[in-house]
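# this one's sequence-less:
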């Protein structure tokens, strides 16, 4: 289902929703060639919880409002559901303000840890 065609500066893209199965919904941004330039998803979990996950925008398309449109499309999808849900998400520091502006609260902080094996 194509949601909208949008223009930001020199980029035209379409957003669409793809229901992969009963528990996973993808929100895609595609350019005029049909290439996926951004995506995010949600997953239905137990106890009426929805987890926002899987957000990504290709490097050359970042900072042009694409993720914000995908975020809003996903958020509107949940608002239109007939049931009440709790929505949760892990996010990067770069996107936490978007979540806060949209009514989310910080539940707890996470840490990324790495270990390299040679």
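That came in fine, so what should we check first? Model, not experiment: these values are computed from the prediction. Residues are numbered from 1 along each chain as shown.
# which ones are touching the residue nearest the centre of the chain?
Centroid-nearest residue in the chain, with C-alpha atoms, centre = their mean: residue 40, separated by 3.2 Å. Going by C-beta atoms under 8 Å, 6 or more residues apart in numbering, residue 40 touches 26, 27, 52, 53, 54, 55, 56, 67, 70, 71, 74. Heads up, the C-betas are built off the backbone N, CA and C, glycines and all.
# what does residue 52 give?
Counting by C-beta under 8 Å, 6+ apart, residue 52 has contacts 40, 41, 42, 74, 87, 88, 89.
# that one: which element?
Here residue 52 is covered by strand 49-57, with elements defined by DSSP states H and E.
# returning to that earlier point: where's the residue nearest to the centre of the chain relative to residue 47, distance?
The span separating residue 40 from residue 47 equals 22 Å under the rule C-beta to C-beta, to the nearest Å.
# same question, residue 100
24 Å.
# next one: residue 35
According to C-beta to C-beta, residue 35 stands 37 Å off from residue 47.
# can I assume residue 90 is in contact with residue 111?
No - counting by C-beta atoms under 8 Å, residue 90 sits too far from residue 111 to count as a contact (11.4 Å).
# number of nearby residues for residue 24?
Counted with other C-beta atoms under 10 Å, residues neighbouring residue 24 total 14.
# spatially nearest residue to it (excluding sequence neighbours)?
In this structure, residue 24 finds its nearest non-sequential neighbour in residue 43, 5.5 Å apart by C-beta to C-beta, 6 or more residues apart in numbering.
# again with residue 110
That would be residue 90: by C-beta to C-beta, 6+ apart, it lies 6.2 Å from residue 110.
# residue 70: neighbour count?
Neighbours of residue 70 under the rule other C-beta under 10 Å: 24.
# where's stretch 88-97 relative to the chain centroid, distance-wise?
Taking C-alpha atoms, centre = their mean, to the nearest Å, one finds stretch 88-97 lying 11 Å from the centre of the chain it belongs to.
# one more: stretch 56-71?
Centroid separation for stretch 56-71 versus its chain: 10 Å, with C-alpha atoms, centre = their mean.
# quick check: end-to-end length of it?
Here the two ends of stretch 56-71 are set 11 Å apart, with distance taken as C-alpha to C-alpha, to the nearest Å.
# cheers, nothing more for now.
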